[in-house]
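1. Just a sequence and a predicted model for now, questions to come.
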Amino acid sequence: MAKIDYKKELKHLYRPPAAKAEIVDVPQMNFAMIDGAGDPNTTQAFQEAIDALYGLSYTLKFMVKKGDPEIDYGVLPLEGLWWAEDMAQFSTENKENWKWTLMIMQPEFITVKLFTEAVKQVGEKKNPAALQKIRFESFTEGKAAQIMHIGPFSEEGPTIKKLHDFIKAEGCRLSGKHHEIYLSDIRRSAPEKWKTIIRQPMR
């Protein structure tokens, strides 16, 4: 059986254009999630969360394939929800008060039982620092606007403004948390080629 590529199967969610924003309806999906706070560039907990989420997600992938060799899939990209208690203070100039949820979407056949067993296995092998902070939870975003940003994270400002202006032009308002989906491996590609989906729920 060919490997399942969820980014292709859900291309309306994972392949937005870079030239203009578009509206999508994001269904309920299951995620492995970790909550945290602080500047992602300096907070150790941020990197610990990434390590734990990927360790668990790859363990789940191999557990599924071992149980049924006919099922194989690519691990989904890292995603982040970003906000502050006072959104007026949510700015790139001061990231210390940022709050975040890092998460990786899990296929529909991943169950609570599989998740619990994977946590146990990862704990016995590597036991990353943030492992016990991971939870398995469904998340429904609903109606949202999204756009592709190409380039370093520090240059997202104009893309975010374009997205927000689009939502207002549609006669809607921003609702929920700023959402980013990281399609590029920043360890292996140049910053000017990084691809990040910027998504914003709207009402």
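-> Good, I have the coordinates. Numbers count the residues shown, from 1 in each chain.
2. Quick one: residues contacting the residue lying closest to residue 101 once chain neighbours are set aside.
-> Ranked by Cβ to Cβ, 6 or more residues apart in numbering and with sequence neighbours excluded, the top spatial neighbour of residue 101 is residue 81, at 4.3 Å. Glycine gets a C-beta too; all of them are placed from N, C-alpha and C. Counting by Cβ atoms under 8 Å, 6 or more residues apart in numbering, residue 81 makes contact with 100, 101, 103, 177, 178, 179.
3. List the residues that contact the residue positioned nearest the centre of the chain.
-> Nearest to the mean C-alpha position of the chain, by Cα atoms, centre = their mean, lies residue 79 at 1.0 Å. By Cβ under 8 Å, 6+ apart, the residues touching residue 79 are 31, 102, 103, 104, 105, 179, 180, 181, 182.
4. so how many other residues sit close to residue 147?
-> Look at residue 147: counted by other Cβ atoms under 10 Å, it has 21 neighbours.
5. how about it, what does it touch?
-> 16, 17, 18, 20, 21, 22, 159, 162, 163, 166, 197, 198.
6. quick check, nearest of these to residue 150?
-> residue 18 (5.6 Å; Cβ to Cβ).
7. Please name the nearest non-neighbouring residue to that closest one.
-> residue 148 (4.1 Å).
8. now what about the longest helix along the chain, what contacts it?
-> What stands out as the longest helix in the chain, according to DSSP state H, is helix 44-67. Residues outside helix 44-67 that contact it (Cβ under 8 Å, 6+ apart) are 32, 34, 36-38, 40, 71-73, 75-76, 78, 100, 102-104, 106-107, 109-110, 114-115, 117-119, 121-122, 126, 128-131, 133-134.
9. Which ones among the residues you listed lie within strands?
-> 32, 34, 36, 37, 78, 100, 102, 103, 104, 106 (DSSP state E).
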